[in-house]
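Colleague: Sequence and computational prediction follow.
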Amino acid sequence: MEELDVIELYIDDEDFNGIDAISLVQFPAIEENFVALSQHKIEFKTIDVEKRVIIGLALVPDKEIYRRKGDYEYKIKFSKDTVKKGAYLFLKNFKSNNATIEHETTIKGVYVVESWLVDNPEMDKTKQYGLNATEGAWAVVMKIDNDDAWEGVKNGDYLGLSIEGFFSDKLEMNKEVLEDKLTEQEVSWLEQIKEILKDA
């Protein structure tokens, strides 16, 4: 079976991209470089039913996520540095009140009240709630004051958290795949371009 291309998504400061909202989701959705990763969801856990508080992982580093656009199948991933940068910018840019349902409907009364990067999974609060966090994962606690959203959580309509935003990307192709897709001349041109960029 042919190995799929892996596209690493990252945050480019010049393009002002990054994470814009966190969505309560059940089904996947993605559009071009607008990333809505509900298939990447990790189930959240309810911390306090009375207070309507849930905990979940918003993003996990280096996890390869299958995507398909037309006939093109590929995977995307985020590095630990990108997860960290995204989590910090999310708070710095005052996005903690930005929430959606299924990446379609903006909703009020759903917001982040705690946010942290998992340093030691064995000692982290996520372990207490049975979340399989890895080092560098972005954990959030969310308060759900919106009655309709809370009904959805209780009824199992929403099973996970999913980030959405705009990212830049770079393609990582293994050497064999690259050679299969490009002619010798094209490979030579790519090498020359790399040298020119390196000198610049």
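Modeller: That came through fine.
Colleague: Helix or strand for the residue nearest to residue 96 when sequence neighbours are not counted, just tell me which one.
Modeller: Spatially, and ignoring its direct neighbours in sequence, residue 96 is nearest to residue 112 (4.1 Å; Cβ to Cβ, 6 or more residues apart in numbering). C-betas here are computed from N, CA, C, even on glycine. Secondary structure assignment for residue 112, by DSSP states H and E: strand 110-117.
Colleague: who touches that strand?
Modeller: Under the contact criterion Cβ atoms under 8 Å, 6 or more residues apart in numbering, strand 110-117 has outside partners 22, 24, 53, 83-84, 87, 90-91, 96-97, 99, 136-146, 149.
Colleague: before we move on, back to that, which strand residues bridge the residue nearest to residue 96?
Modeller: Following DSSP bridges, residue 112 is listed with bridge partners residue 142.
Colleague: Can you list the buried residues in the strand holding residue 112?
Modeller: Going by neighbour count (16 or more other Cβ atoms under 10 Å), the buried part of strand 110-117 is 110, 111, 112, 115, 117.
Colleague: can those residues go into JSON lines with extra columns for pLDDT and distance to residue 61?
Modeller: As requested, the buried residues of strand 110-117 are exported to JSON lines (pLDDT from 0 to 100; distance: Cβ to Cβ, whole Å):
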{"residue": "110", "pLDDT": "97", "distance to residue 61": "25"}
{"residue": "111", "pLDDT": "96", "distance to residue 61": "24"}
{"residue": "112", "pLDDT": "97", "distance to residue 61": "19"}
{"residue": "115", "pLDDT": "97", "distance to residue 61": "15"}
{"residue": "117", "pLDDT": "97", "distance to residue 61": "9"}
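Colleague: And those, which is closest to residue 153?
Modeller: Using Cβ to Cβ, residue 110 is the member of the buried residues of strand 110-117 that sits closest to residue 153, with 9.7 Å.
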